[in-house]
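Asks: my questions concern the predicted model and sequence given below.
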Amino acid sequence: MIVKQKIMRSVSLTAHPLGCARDTCDQIDWAEAAKEGRIPGYDKPAAAQFPANVLVIGGSTGYGLATRIVSSFVGGADTINVSFEREPKENKTATPGWYNTMAFERRAVQAGRKAASVFGDAFSHAIKEETLELIRKEFGKIDLVVYSLASPVRVDPDDGTVYRSVIKPVSGTYRAKSIDPFSEKMTYAEVEAATEEQVAETVKVMGGEDWKLWISSLAAHGLLAEHCKTVAFSYIGPEVTFPIYREGSIGRAKEHLERTAAELSVLLQQFDGTAYVSVNKALVTRASSVIPVVPLYITILYRIMKDMDLHEGCIEQMYRMMTQRLYTGDPVPVDAAGRIRLDDWEMREDVQQQVEAAWEEIDQENLLQLADLEGFRKEYAQIHGFGLAGIDYSRDVDPRMID
Ligand SMILES: NC(=O)c1ccc[n+]([C@@H]2O[C@H](COP(=O)([O-])OP(=O)(O)OC[C@H]3O[C@@H](n4cnc5c(N)ncnc54)[C@H](O)[C@@H]3O)[C@@H](O)[C@H]2O)c1
């Protein structure tokens, strides 16, 4: 079939097999080049001990995939991914994560590293058990657990209750400029406050409960190595998005995740291990594109950070996390609240001052000068395998193959 990009309400319904494979291989090539010191601004890693076995929960796209790539192709790790995928059919494409995973695992195995995946619901007991069994049989103890799930729903593994996360303010209606990056229309978003129950459900889905279940199960089964580390991802962002993000329902979940890191560090003391939360940069991923108002902020931020030569994607961020934060040979640098900060360039005063000025000024007339809409759409297309150089999109492809 000829695979075309189909987007409905900011969600891509298709993914291109060859394009996703290309996008994954491009990230691998970038990581290998950085390791050899061939990327300006990104130093070769210091001679530190990298983790030998890495488990990435949510390792098929976005930040999780980038961490898997850096772990394997910079640190030389054997890796396991757990992610939720739709497999391809003869006339229907798979999720991008499925194609990314196939491409990653092929390259990793070619490079002499072990790589395996468990596809299914990471929140369930069954997938945890299957993963633990795989680790026990094929990998041995885990040195780093990366928790990178972004999900709108969680089924409680004990009683089957379905919890749904919402991205809403918690007090009062939030009104702010917003954008549909695909139609280039500026609008005013009006988002009503979440109910107490919705906030609690969001914390159930995106808070730290499931992360703790993973770490406790691994520990209980003797599958964590001495000095093991675990990291989960958070976001803070600028004041303009506080009502919808950091001080909204999702922010409550992130606060819970951050508190969970402290609890997990206590649990990991028996292995001389530590749990961290890393606050990452705002980026175009499948998860972030559907948040109200955030795409407008991202497009303004992209324009400014690209002009200042400070722009990074997932792979650059995760390279810095692994080589300049988690594995330097020195203590991990953290902020006053104990968090790793990879949003350091995004939150620089000179960057945020320009974002604020552009936010005030932006309207339908000057939208294309002040916001990088094209960059947003290009990245969104690329994470679904479209718009990549060297791919013949008019070619008939089998959705079940990545070449
Ligand atoms: N994108 C950003 O701007 C940004 C910034 C800072 C922090 N973060 C955080 O980073 C983390 C990862 O987000 P992302 O943007 O990389 O998202 P993403 O959508 O690219 O990746 C999410 C991953 O979770 C997996 N997943 C979702 N539900 C699952 C389930 N039930 N079982 C198994 N796997 C499942 C997906 O398959 C995928 O591998 C999230 O915690 C997010 O809040 C994102």
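Replies: Happy to help now that I have it.

Asks: contacts, neighbours, all on C-alpha from now
Replies: Fine.

Asks: residues from this protein in reach of the ligand?
Replies: Counting by CA under 6 Å from any ligand atom, the chain comes close to the ligand at 58-64, 82-85, 120-123, 148-151, 233-235, 279-288.

Asks: which among these end up buried?
Replies: 58-64, 82-85, 120-123, 148-149, 233-235, 279-286 (16 or more other CA atoms under 10 Å).

Asks: among those residues, which lie within strands?
Replies: Counting by DSSP state E, these place 82-83, 233-234, 279 in strands.

Asks: measure residue 353 to residue 239 for me?
Replies: Going from residue 353 to residue 239 by CA to CA, to the nearest Å gives 11 Å.

Asks: returning to that earlier point: of the ones in strands among the buried ones among the residues of the chain next to the ligand, closest to residue 215?
Replies: Residue 215 lies nearest to residue 82 out of those, by CA to CA, at 14.0 Å.

Asks: partner residues bridging that closest one?
Replies: Counting by DSSP bridges, residue 82 is bridged to residue 57, residue 118.

Asks: same question, the one 10 residues further on
Replies: Applying DSSP bridges to residue 92 yields these beta-bridge partners: residue 89.

Asks: going forward, count from 31.
Replies: Sure thing, new numbering starts at 31, so read that last one as residue 122.

Asks: how close does the residue in the stretch 281-430 of the chain positioned nearest to the ligand get to residue 40?
Replies: Nearest residue of the stretch 281-430 of the chain to the ligand: residue 312, at 3.4 Å (CA to the nearest ligand atom). According to CA to CA, residue 312 and residue 40 sit 17 Å apart.

Asks: now swap in residue 64 and tell me
Replies: 33 Å.

Asks: for those two, work out which one has more neighbours and name it.
Replies: Set residue 64 next to residue 40 and count neighbours by other CA atoms under 10 Å: residue 64 wins out with 21 against 15.

Asks: residues contacting the more buried one?
Replies: 72-74 (CA atoms under 8 Å, 6 or more residues apart in numbering).

Asks: mind listing what the closest residue to residue 45 other than its chain neighbours touches?
Replies: Nearest residue to residue 45, sequence neighbours excluded (CA to CA, 6 or more residues apart in numbering): residue 414, at 4.7 Å. When contacts are counted by CA under 8 Å, 6+ apart, residue 414 is found next to 42, 44-46, 49-50, 126.

Asks: out of those, which sit inside strands?
Replies: Among those, DSSP E puts residue 42 in strands.

Asks: picking that back up, and which of the ones in strands among the buried ones among the residues of the chain next to the ligand is nearest residue 145?
Replies: Distance to residue 145 across those (CA to CA) is lowest for residue 112, with 11.3 Å.

Asks: tally of neighbours for residue 233?
Replies: Around residue 233 there are 25 residues (other CA under 10 Å).

Asks: am I right that it sits in a strand?
Replies: No - in this structure, residue 233 is helix, not part of a strand, as judged by DSSP: H, G, I helix; E, B strand; the rest coil.

Asks: just to check, it is in contact with residue 278?
Replies: No - counting by CA atoms under 8 Å, residue 233 stays clear of residue 278, with 11.0 Å between them.

Asks: returning to what we had before: what's the closest of the contacts of residue 64 to the ligand?
Replies: residue 72 (20.3 Å).

Asks: which residues touch that closest one?
Replies: Applying CA under 8 Å, 6+ apart, the residues contacting residue 72 are 64, 350.

Asks: a helix runs through it, doesn't it?
Replies: No - using three-state DSSP, the assignment for residue 72 is coil, not a helix.

Asks: any idea how far it lies from residue 85?
Replies: Relative to residue 85, and taking CA to CA, residue 72 is found at 25 Å.

Asks: centroid-nearest residue for the protein?
Replies: Closest residue to the average C-alpha location of the chain: residue 93 at 2.9 Å, with CA atoms, centre = their mean.

Asks: run a quick neighbour tally on the nearest residue to that residue once chain neighbours are set aside.
Replies: Of all residues not flanking residue 93 in the chain, residue 344 sits nearest, at 5.4 Å (CA to CA, 6+ apart). Residues near residue 344, counting by other CA under 10 Å, number 21.

Asks: pretty sure residue 171 contacts residue 83?
Replies: Yes - at 7.0 Å, residue 171 counts as touching residue 83 under the criterion of CA under 8 Å.
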